[in-house]
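**Student:** Coordinates for the following, if possible.
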Amino acid sequence: MSVIIIGAGPAGCEAAYRLARSGESVELIEKEAEIGGNLNNWYQLFPDRKQAADLKAKLRKNIEHPQIHLHLKSKPVAFSRQGDGTIQLTLDDGALITGKALLVASGFRTFDAHRKEEYGYGIYENVITSVELENAFINHQINTSTGHAPKRIGLIHCVGSRDEKICRLYCSKLCCVTAVKQAIELREMLPEAEILCFYMDMRMFGPGYEEMYREAQEKYNIKFVRGRLSEASEDREKRLIIKVEDTLVGKPLKMTLDLMVLMVGMEPAEGNDQLISMLNLQTAPNGFIQVSDPHSGTNCTHQKGIFVTGCSSSPMNLTDTLTDARSAAVTISEYLNS
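**Tutor:** Numbering: from 1, shown residues only. Here you go, the predicted model:
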């Protein structure tokens, strides 16, 4: 009998590999046509600027383990338990999978920037998201809608995070460092451009992040402005006119940008509510899956035999996600052996 894992992003793949190496058989379920999850939208990782494709290749190689059975383009539609505690999961193709334990690694989705209408995403052609910019890096081409290289670029932090208006009070943990990384990449591709980051607070959580932030200022001449965007509009030349209050000096700013990048935060994965309902789990105050204890049970849920890992339970960076996946594998192994 197997361990069932829902989600073949970084967390799901890492946990599957660790469980397989310990001798467990794993049924790995992924709704998309390929593994990788949100990693597929990344060009370089922080803080070492490693190619995201290299990590994905490693994950792909790992799940070729003979103890791992991968189900692509598959979704769970029904859940039940047998009298002996065995978990049964029905997939949308009719397949019935049984397991001794189930791990939710459904990850996250990025915030839909259309919901912040005042920023003009979907209205003004030169407003893009950090995900779209990352894909532009993959294609090695950064242009405005008119086909010209942008001369002034603004990166707007905390779009979809720490925002009472849209009921997203939590910090997504990735926006600040992503902005720093992308600002450096923009400088390398566009050495003559003026690049500005508009932030609420710089929250550099991980090892090497603070050093990267300092390097962005001292080596790459990235300008950081403590202020929140209040309004954006567009002139006849498709340039953006933005209004920002500089909260350090207490003065309003008005300037034009050729390109504006919205640093979108994390939200619970699509279908998260249905998954919580189907598995009879609990929803955390931030909308993610509630763990049984924030200190000693971070991979456990309130349902026996059902576990959670990675960004299914809260926003995490990639390093913490992979570490949490290994922790989940150990927790599941201990549960099976007990």
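**Student:** Give the rounded mean pLDDT of stretch 167-178.
**Tutor:** Stretch 167-178 shows a mean pLDDT of 92.
**Student:** Show me which residues of that stretch are buried.
**Tutor:** For stretch 167-178, the neighbour count (16 or more other C-beta atoms under 10 Å) marks 168, 170, 171, 172, 173, 174, 175, 176, 177, 178 as buried. No exception for glycine: its C-beta is placed from N, CA and C like everyone else's.
**Student:** Among these, which ones are in helices?
**Tutor:** Here DSSP state H is the test, and the buried residues of stretch 167-178 give 175, 176, 177, 178 as lying in helices.
**Student:** Between those residues, which sits nearest residue 95?
**Tutor:** Nearest to residue 95 among these is residue 178, at 37.3 Å by C-beta to C-beta.
**Student:** ok, residue 139 - how many residues close by?
**Tutor:** By other C-beta atoms under 10 Å, 8 other residues sit near residue 139.
**Student:** Same question for residue 116.
**Tutor:** Taking other C-beta under 10 Å as the definition, residue 116 ends up with a neighbour count of 20.
**Student:** so what's it closest to, chain neighbours aside?
**Tutor:** In space, and not counting its chain neighbours, residue 116 is closest to residue 159: 6.0 Å by C-beta to C-beta, 6 or more residues apart in numbering.
**Student:** how about JSON lines for the ones in helices among the buried residues of stretch 167-178, with distance to residue 245 added?
**Tutor:** What follows is those, written out as JSON lines (distance: C-beta to C-beta, whole Å):
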{"residue": "175", "distance to residue 245": "19"}
{"residue": "176", "distance to residue 245": "19"}
{"residue": "177", "distance to residue 245": "24"}
{"residue": "178", "distance to residue 245": "23"}
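**Student:** Tell me who's in contact with the residue nearest to residue 116.
**Tutor:** 111, 113, 116, 119, 129, 175, 262, 263, 264, 265 (C-beta atoms under 8 Å, 6 or more residues apart in numbering).
**Student:** out of these, which are inside strands?
**Tutor:** Using DSSP state E, the subset of those located in strands is 129, 262, 263, 264.
**Student:** Now for these: which two are most distant?
**Tutor:** 129 and 263 (8.0 Å).
**Student:** So what touches stretch 212-229?
**Tutor:** For stretch 212-229, the surrounding residues in contact (C-beta under 8 Å, 6+ apart) are 46-47, 118-119, 156, 158, 176-177, 180-181, 183-184, 187, 194-202, 204, 242-248, 253.
**Student:** Just the CA trace of stretch 27-41, in CSV.
**Tutor:** This file holds the C-alpha atoms of stretch 27-41, laid out as CSV (Å, rounded to 0.1, in the frame of the first residue of the first chain):
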residue,chain,number,x,y,z
GLU,A,27,1.4,7.7,-5.7
LEU,A,28,2.1,11.3,-6.9
ILE,A,29,-0.8,13.2,-8.3
GLU,A,30,-0.5,16.3,-10.4
LYS,A,31,-3.3,18.3,-12.0
GLU,A,32,-1.1,19.8,-14.7
ALA,A,33,0.6,18.2,-17.6
GLU,A,34,4.1,18.5,-16.1
ILE,A,35,5.7,18.7,-12.7
GLY,A,36,7.2,21.8,-11.1
GLY,A,37,4.3,23.9,-10.1
ASN,A,38,5.1,27.6,-9.7
LEU,A,39,8.8,26.7,-10.2
ASN,A,40,8.0,26.6,-13.9
ASN,A,41,7.5,30.4,-13.9
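**Student:** if we can go back for a sec, and the two most separated of the buried residues of stretch 167-178?
**Tutor:** Longest span within the buried residues of stretch 167-178, C-beta to C-beta: 168 and 177, 18.5 Å.
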